[in-house]
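Enquirer: with the input below, show me the fold.
(one chain, ligands or ions: 1)
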Amino acid sequence: MPVLLQACLNGARLPAEHPALPVTPAQIAAAAAEAVAAGARELHVHPKDPGGRDSLRPEHVDPVVAALREAVPGVPVGVTTGAWAAGDPAVRLAQVAGWRSRPDHASVNWHEEGAAELAAALTGLGVGIEAGIWHAGAAAAFAASGVECLRVLVEVVDQEDPLSTARDLLARLRGVPAPLLLHGEDANAWPVFRLAAELGLDSRVGLEDTLVLPDGSPAPSNAALVRAALALAGD
Ligand SMILES: C[C@H](N)CC(=O)CC(=O)O
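Expert: The predicted model follows:
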């Protein structure tokens with residue numbers, strides 16, 4: 001069973017992808033409250049602009065974090081810093097420095113340009129780092145960096161052989177002094193979740209990672225995915 005189940009409520013998905021995808025601060029806060037009531041212990045969210053695209057701008061991040069603090073006090077809140085939300089590393093650093101309602105942690109995709117500088121800036125702001133590792137090269141670079149982080153996200157985005165990819169990434173990260181959270185996306189989500197449960201690793205679930213329940217039927221909500229994950233893990 002996963003040690004910690006995080007709910008990843010929306011991801012970089014656009015609103016048209018699912019009727020229950022939370023986009024506005026109020027929708028994200030409501031989805032978070034339901035996911036936490038269903039058993040999620042942490043949150044990972046993507047603040048969005050009014051068009052539903054990911055944004056790191058303070059005017060989009062601050063209201064989401066503030067709404068989450070009110071809706072689920074005491075529950076750790078994490079946000080994305082994905083490069084697709086702010087392509088230029090210098091712009092991304094400036095936007096993050098402008099956050100006033102700061103999250104507890106932020107994911108930093110280690111293969112992205114400027115990742116180490118971003119991690120250092122976030123640490124300076126008191127925001128924990130989730131180092132996102134998508135492939136072997138990133139795993140090697142992160143292991144060699146010596147950067148301290150809250151946890152490592154082992155993210156299986158490879159559709160070919162997700163379980164071998166997961167095991168390979170885990171092996172490359174052996175010895176890294178941080179907890180590992182293992183998860184997959186789309187077709188990988190449930191097989192990789194099962195592997196995380198089997199290995200006793202932290203994991204996550206939510207509309208970011210999958211739009212379907214373990215039986216392949218459409219997931220009505222984030223809370224339904226959390227309940228399904230906990231049932232699968234035997235919790
Ligand atoms: C592969 C994941 N969708 C990326 C993720 O969860 C971390 C992030 O927001 O940058």
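Enquirer: going forward, measure contacts between C-alpha atoms and count neighbours the same way
Expert: Fine.
Enquirer: using the three-state scheme, assign the most centrally placed residue in the chain.
Expert: Per CA atoms, centre = their mean, the C-alpha nearest to the average position across the chain is that of His44, at 4.4 Å. Per DSSP: H, G, I helix; E, B strand; the rest coil, the secondary structure class of His44 is strand.
Enquirer: hmm, Val77 and it touching each other?
Expert: Yes. Using CA atoms under 8 Å, His44 and Val77 qualify as a contacting pair, with a distance of 6.2 Å.
Enquirer: before we move on, back to that, what bridges to the residue nearest to the centre of the chain?
Expert: Using DSSP bridges, the bridge partners assigned to His44 are Cys8, Gly78.
Enquirer: do Leu182 as well
Expert: Listed beta-bridge partners, Leu182: Val154 (assigned using DSSP bridges).
Enquirer: contacting residues around it?
Expert: With contact taken as CA atoms under 8 Å, 6 or more residues apart in numbering, Leu182 is in contact with 153-156, 166, 192-193, 196, 201-204.
Enquirer: quick one: pLDDT of it?
Expert: In the prediction, the pLDDT value recorded for Leu182 is 98.
Enquirer: pretty sure Leu169 sits in a helix.
Expert: Yes. Using three-state DSSP, the assignment for Leu169 is a helix.
Enquirer: up against the ligand, what does the protein have?
Expert: 11, 80-82, 107, 109, 155 (CA under 6 Å from any ligand atom).
Enquirer: name the helices or strands packed onto the one helix or strand Ala166 maps to?
Expert: Secondary-structure element containing Ala166, defined by DSSP states H and E: helix 162-172. Packed against helix 162-172 by the contact rule (3 or more CA pairs under 8 Å, 6 or more residues apart in numbering; DSSP states H and E) you find helix 136-145, strand 151-156, helix 189-199.
Enquirer: kindly export stretch 20-36 (C-alpha atoms) in CSV.
Expert: Presented in CSV, the C-alpha positions along stretch 20-36 are these (Å, rounded to 0.1, in the frame of the first residue of the first chain):
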residue,chain,number,x,y,z
ALA,A,20,-15.0,17.7,-13.5
LEU,A,21,-11.5,19.1,-14.2
PRO,A,22,-11.0,21.8,-11.6
VAL,A,23,-9.7,25.0,-13.2
THR,A,24,-10.7,28.0,-11.1
PRO,A,25,-9.5,28.5,-7.6
ALA,A,26,-12.9,27.7,-6.2
GLN,A,27,-13.2,24.5,-8.3
ILE,A,28,-9.7,23.4,-7.3
ALA,A,29,-10.5,24.1,-3.6
ALA,A,30,-13.7,22.1,-3.8
ALA,A,31,-12.1,19.2,-5.6
ALA,A,32,-9.3,19.2,-3.0
ALA,A,33,-11.7,19.1,-0.1
GLU,A,34,-13.5,16.1,-1.7
ALA,A,35,-10.2,14.3,-2.5
VAL,A,36,-8.9,14.9,1.1
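Enquirer: list the contacts of that stretch.
Expert: Identification of contacts with stretch 20-36 by CA under 8 Å, 6+ apart yields 7, 9-10, 15, 42-43, 45, 47-48, 50, 52, 63-64, 67-68, 71-72, 207, 220-224, 226.
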